[in-house]
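Trainee: Any chance you can model this:
(one chain, ligands or ions: 1)
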Amino acid sequence: MATQAPITSPVESAGQPQVRPEGEFRFPPGLKRNLPLYLFRRFFRPGNPILLFEHLVKSFGSVSHYKLGGSNIVFINDPELIREILVTQASSFIKERTQNRMKILLGEGLITSEGEFHMRQRRIAAPAFHRQRIQKYAEMMAERAAAMRATWKPGQTFDMSAVMMELTLEIVARTLFATDVTAAIREINDEVNVIMRLYNYLIALPKAENYLRWPIPGLIRFRKARARLDAQVYRMIAERRAANEDRGDLFSMLLAGRDEGEGTGPATRGAPATGMSDRQLRDEVITIFLAGYETVANALTWTWYLLSENPAAAERMQREVDDVLQGKLPTLEDLPRLRTTEMVFAESMRLYPPAWAMGRQSTQIVELGPYRLPAGTYFFFSQYILQRSEKFYPEPLRFDPERFTPEQKAARPRFAYFPFGGGSRQCIGEAFAWMEGVLILATLAQRWRFRMVPGQAVDVQPKITLRPKYPMVMVAEERTAESARLEM
Ligand code: HEM
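Mentor: The predicted structure follows:
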């Protein structure tokens, strides 16, 4: 396993926060040199921004400052200050520039939009993610996982990451578009794969949208795939508008969505009544599609890896699955009793949070703890780093699902664990993701246990989501019908 040293710093435990006055502002301690040279020398070769953040916490404590070009950047590793940014003072912040780069694919969807326009879209989309609505998908999720587990042979090896991507992609496609679009889903999937290969690099570049027009083969492929993806989605929108029926999928909800509040932003242009325009629907469909599968797939891949490294925890989860389900496929009603499985999933997202860092930019002067920072400052915080802090998680690198009993959860500050963010931009798919994660874990664990093929390197690759850097080749071992109490 890729072990990182615990990152509680001597500065953090020393107590008094340091303040660097500069004119009317009070900056946190930090790097004296402008970042690029420093970054190049110390962190560029590994190509892993997590190393920079770890270094900042180790050297300067829970709040640190550096400059990149003319911009002030503050890295925060403190749950109370994260709450200030995401909740208490949220109106003083917008999502930062990296979100803008995502617009080359996501347009003005829920993830990338801001302000009144975002609030309107969120109001329209919210009913589609309401707990009662998503409960309908539970049966399909377990069924898809069961169909997949039936295809494996004992002793078969596969890259767990690829397998989990396939499963979660199919699930999000079916929830979005009901079941009758399998061929279209396959095409969408092909386009998404072409796009994602380049997208991860593109969004790391400033002003990526400018390079997109360059006649470079990779970029031409990206543009063409995006155009074909758009054409698919627009065709579906036209068909659905014409059919005008509720098929019980998310797409129907988004089509039927109406905003009861005031709305004057660009979304209203061309929109029938106060619903979404075609362009807006396209942006939301692609946003939900992309946000909804890679995150869950990564969470599940890391969970199987952690279970294979921690056989006692795997055994406990398996026992719970057998006791609760008695060989039947899990249903919505079983979820409250699959507590251990849920705690396993929670602990896995503590150590390997799919969304590993977040950022915001201040729109006005902000006071945060003892600091006073100018408008335009960028603030970053990382689930990966804070959720491995010794201060909130003793022996932070140990995999211990018991950290997520109700008592232990209540003893920690709210933002010591934030895999789904928080405040008004909290993940709209959170309930969906918990339900899907637990149902897939339970369904697959009923029949199989997975072991890492020995001798593989394991490390993180922080792209848009926290992917495994190398394939995770696992061998599937079939559990006996007796031990699994499975109706085979
Ligand atoms: C384990 C799985 C997931 C994780 C860890 C995750 C994480 C997150 C995080 C951290 C944010 C907030 C980003 C920010 O404030 O800067 C977010 C937003 C969002 N997520 Fe998820 N997500 C997951 C699954 C899903 C699923 C299944 C869907 C949809 C089916 C989804 C759709 C969205 C959308 C639309 C937003 C934007 C919400 C807004 O700004 O109003 N996510 N997600």
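Trainee: With the flanking residues excluded, which residue is spatially nearest to whichever residue of the chain sits closest to the ligand?
Mentor: Nearest residue of the chain to the ligand: Gly429, at 2.2 Å (Cβ to the nearest ligand atom). Placement of C-beta: from N, CA and C, glycine included. Using Cβ to Cβ, 6 or more residues apart in numbering and skipping residues adjacent in sequence, the residue nearest Gly429 is Gly292, 5.6 Å away.
Trainee: how deep is the one you found tucked in, by neighbour count?
Mentor: Gly292 is flanked by 24 other residues according to other Cβ atoms under 10 Å.
Trainee: Surely it and Cys427 touch.
Mentor: No - taking contacts as Cβ atoms under 8 Å, Gly292 lies outside contact range of Cys427: 9.9 Å.
Trainee: for the residue nearest to Gly429, what are its contacts?
Mentor: Thr168, Val172, Thr175, Leu176, Gly429, Phe432 (Cβ atoms under 8 Å, 6 or more residues apart in numbering).
Trainee: Rebuild those as a markdown table, extending it with distance to Ile85, secondary structure and pLDDT.
Mentor: Below are the contacts of Gly292 laid out as a markdown table (distance: Cβ to Cβ, whole Å; DSSP: H, G, I helix; E, B strand; the rest coil; pLDDT from 0 to 100):
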| residue | distance to Ile85 | secondary structure | pLDDT |
| --- | --- | --- | --- |
| Thr168 | 30 | helix | 92 |
| Val172 | 29 | helix | 89 |
| Thr175 | 31 | helix | 86 |
| Leu176 | 31 | helix | 83 |
| Gly429 | 22 | coil | 95 |
| Phe432 | 25 | helix | 95 |
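Trainee: Give the buried subset of the residues you listed as a ChimeraX selection command.
Mentor: Buried residues within those, by 16 or more other Cβ atoms under 10 Å, are selected in ChimeraX with:
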select :168,172,175,176,429,432
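Trainee: wait, which of the contacts of Gly292 is closest to Glu477?
Mentor: Thr168 (22.7 Å; Cβ to Cβ).
Trainee: Confirm that Leu439 sits in a strand.
Mentor: No - secondary structure assignment (DSSP: H, G, I helix; E, B strand; the rest coil) places Leu439 in helix, not in a strand.
Trainee: What residues sit buried inside stretch 211-226?
Mentor: Of all the residues in stretch 211-226, those buried under the rule 16+ other Cβ under 10 Å are Leu212, Phe222, Arg223, Ala225, Arg226.
Trainee: Next: stretch 459-471.
Mentor: For stretch 459-471, the buried set under the neighbour-count rule, 16+ other Cβ under 10 Å, comprises Val460, Pro462, Lys463, Ile464, Thr465, Leu466, Arg467, Pro468.
Trainee: Would you mind giving both backbone torsions of the third one?
Mentor: The phi/psi pair for Lys463 (degrees, to the nearest 10) reads phi -100, psi -140.
Trainee: and the stretch 51-200 of the chain, which residues reach the ligand?
Mentor: The stretch 51-200 of the chain comes close to the ligand at residues Lys95, Leu110, Ile111, Arg122, Val172, as judged by Cβ under 6 Å from any ligand atom.
Trainee: Check the second one and give its pLDDT.
Mentor: The pLDDT attached to Leu110 in the predicted structure is 92.
Trainee: picking up where we left off before, what is the nearest of the contacts of Gly292 to Gly369?
Mentor: Relative to Gly369, the closest of these is Gly429; by Cβ to Cβ it sits at 31.7 Å.
Trainee: What ranges does the stretch 201-350 of the chain have for its helices?
Mentor: All helices of the stretch 201-350 of the chain, identified by DSSP state H, counting those that start in this stretch, fall at 208-211, 217-243, 250-256, 278-291, 294-309, 311-325, 339-351.
Trainee: Make CSV from the ones you listed and add distance to Arg144 and mean pLDDT to it.
Mentor: Shown next, in CSV, are those (distance: least, Cβ to Cβ, whole Å; pLDDT from 0 to 100):
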stretch, distance to Arg144, mean pLDDT
helix 208-211, 34, 70
helix 217-243, 21, 85
helix 250-256, 16, 86
helix 278-291, 16, 90
helix 294-309, 12, 97
helix 311-325, 17, 97
helix 339-351, 17, 98
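Trainee: what would these look like in a markdown table with distance to the ligand?
Mentor: Output for the helices of the stretch 201-350 of the chain, formatted as a markdown table (distance: least, Cβ to the nearest ligand atom, whole Å):
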| stretch | distance to the ligand |
| --- | --- |
| helix 208-211 | 18 |
| helix 217-243 | 16 |
| helix 250-256 | 7 |
| helix 278-291 | 4 |
| helix 294-309 | 3 |
| helix 311-325 | 18 |
| helix 339-351 | 6 |
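Trainee: which stretch among those comes nearest Met160?
Mentor: So among the helices of the stretch 201-350 of the chain, helix 294-309 is nearest, using Cβ to Cβ, at 5.1 Å.
Trainee: Met358 versus the nearest residue to Ser71 once chain neighbours are set aside, what's the distance?
Mentor: Of all residues not flanking Ser71 in the chain, Tyr378 sits nearest, at 6.0 Å (Cβ to Cβ, 6+ apart). Separation of Tyr378 from Met358 (Cβ to Cβ, to the nearest Å) stands at 11 Å.
Trainee: Pick out whichever of the two has more residues nearby.
Mentor: Remark: of Tyr378 and Met358, Met358 carries more neighbours, 21 against 18, as counted by other Cβ under 10 Å.
Trainee: Surely the more buried one touches Phe381?
Mentor: Yes - at 6.0 Å, Met358 counts as touching Phe381 under the criterion of Cβ under 8 Å.
Trainee: Pull the number of nearby residues for Gly23.
Mentor: 7.
Trainee: residues in contact with it?
Mentor: By Cβ under 8 Å, 6+ apart, the contact set of Gly23 is empty.
Trainee: State the distance from it to Pro374.
Mentor: Gly23 sits 9 Å away from Pro374, taking Cβ to Cβ as the criterion.
Trainee: Give the intersection of the neighbour lists for those two.
Mentor: In terms of Cβ under 8 Å, 6+ apart, Gly23 and Pro374 are not both contacted by any residue.
Trainee: Report the strands that pair with the helix or strand containing Ala476, each with its relative direction.
Mentor: Ala476 belongs to strand 473-478 when assigned by DSSP states H and E. If you go by DSSP bridges, strand 473-478 pairs up with strand 157-159 (antiparallel), strand 448-452 (antiparallel).
Trainee: which regions of this structure sit below the pLDDT cut-off?
Mentor: Applying pLDDT under 70 to the chain picks out residues 1-17, 33-47, 96-98, 179-186, 197, 199-209, 259-274, 481-488.
Trainee: quick one: the strands in it?
Mentor: Assigned by DSSP state E, the chain shows strands spanning 20-22, 25-27, 63-68, 71-76, 93-95, 157-159, 358-362, 366-368, 371-373, 378-381, 448-452, 460-462, 466-468, 473-478.
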